[in-house]
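Undergrad: Let me see the structure of the following:
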Amino acid sequence: MRNIFSIFRNDIKKIHNNVIAMVVIMGILVMPTLYAWFNIAASWDPYSNTQGIKIAVASSDKGYTGKLLSIHLNMGDEVLSTLHENEQMDWVFTSAKKAADGVKSGKYYAAIVIPKDFSKDMMSIFTSNVTHPEIKYYINEKENAIAPKVTVKGANAVQQQINDTFVQTVSQT
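TA: Down below sits the predicted model:
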């Protein structure tokens, strides 16, 4: 055991006298720490800085005019007006075709398209022929590893906003 400690002491003395060995040892000690520090700092909260993620939004919604109740509702326009005020992501307002093409080309990370019968389908719950409204969602998963997860969160926020607007409109009516 004494030989082990004497060998260790001799190695420390030799490293202390050799500058190159000291630099290599310090590099081996510091590099993993720096790597872990930067990696943890970069992925600490990926949702807090999403203003640069381009998401195309398009609405082809024709709206709904009630025959029984005199109500005019256009959910697509309401979603667009709310997203104009939202600064969490870089919302790009365009046509449905340009949105889908932009996702395919890599110009946008994702696209949310509200179809032309969306408001009509939303209000079909008051009829005997209920139609489930659907939002078309396109995503470019090749562009970035985290962006699809963030854009899904944005799409869920749009869906929640539509649900809230629908409930508010129905309760007012």
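
Undergrad: separation between the most centrally placed residue in the chain and residue 115?
TA: In the chain, the residue lying closest to the centroid (Cα atoms, centre = their mean) is residue 150, at 1.9 Å. Separation of residue 150 from residue 115 (Cβ to Cβ, to the nearest Å) stands at 24 Å. No exception for glycine: its C-beta is placed from N, CA and C like everyone else's.

Undergrad: just checking, residue 71 touches residue 65?
TA: Yes: at 7.3 Å, residue 71 counts as touching residue 65 under the criterion of Cβ atoms under 8 Å.

Undergrad: Show me the strands in this protein, by range?
TA: Listed in chain order, the strands of the chain (DSSP state E) span 54-59, 64-65, 72-73, 90-93, 110-114, 136-139.

Undergrad: tell me the angle the first one makes with strand 110-114.
TA: Counting by axes from the mean of the first three to the mean of the last three Cα atoms, to 10 degrees, strand 54-59 lies at 10 degrees to strand 110-114.

Undergrad: Show me what strand 54-59 is packed against.
TA: helix 75-85, strand 90-93, helix 96-105, strand 110-114, helix 147-172 (3 or more Cβ pairs under 8 Å, 6 or more residues apart in numbering; DSSP states H and E).

Undergrad: got the contact list for the third one?
TA: With Cβ atoms under 8 Å, 6 or more residues apart in numbering as the test, helix 96-105 has contacts from 56-58, 60, 92, 94, 108-113, 136, 138-140.

Undergrad: Among those residues, find me the one that's closest to residue 5.
TA: Checking these against residue 5 by Cβ to Cβ gives residue 109 as the nearest, at 59.1 Å.

Undergrad: Quick one: find the helix or strand in this structure with the lowest mean pLDDT.
TA: helix 147-172 (a mean of 69; mean pLDDT, DSSP states H and E).

Undergrad: Now render the strands of the chain as CSV, adding mean pLDDT.
TA: Below are those laid out as CSV (pLDDT from 0 to 100):
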stretch, mean pLDDT
strand 54-59, 88
strand 64-65, 81
strand 72-73, 79
strand 90-93, 87
strand 110-114, 87
strand 136-139, 85
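
Undergrad: Quickly compare those strands and say which is most buried.
TA: Across the strands of the chain, the average number of neighbours (mean count of other Cβ atoms under 10 Å) peaks for strand 110-114, which reaches a mean of 26.

Undergrad: From the rest of the structure, what touches that strand?
TA: Residues from elsewhere that reach strand 110-114 (Cβ under 8 Å, 6+ apart): 55-61, 75-76, 79, 96, 99-100, 102-103, 135-140, 147-148, 151, 154-155, 158.

Undergrad: Out of the helices and strands packed on strand 54-59, which is closest to residue 31?
TA: Of the helices and strands packed on strand 54-59, nearest to residue 31 by Cβ to Cβ is helix 147-172, at 28.8 Å.
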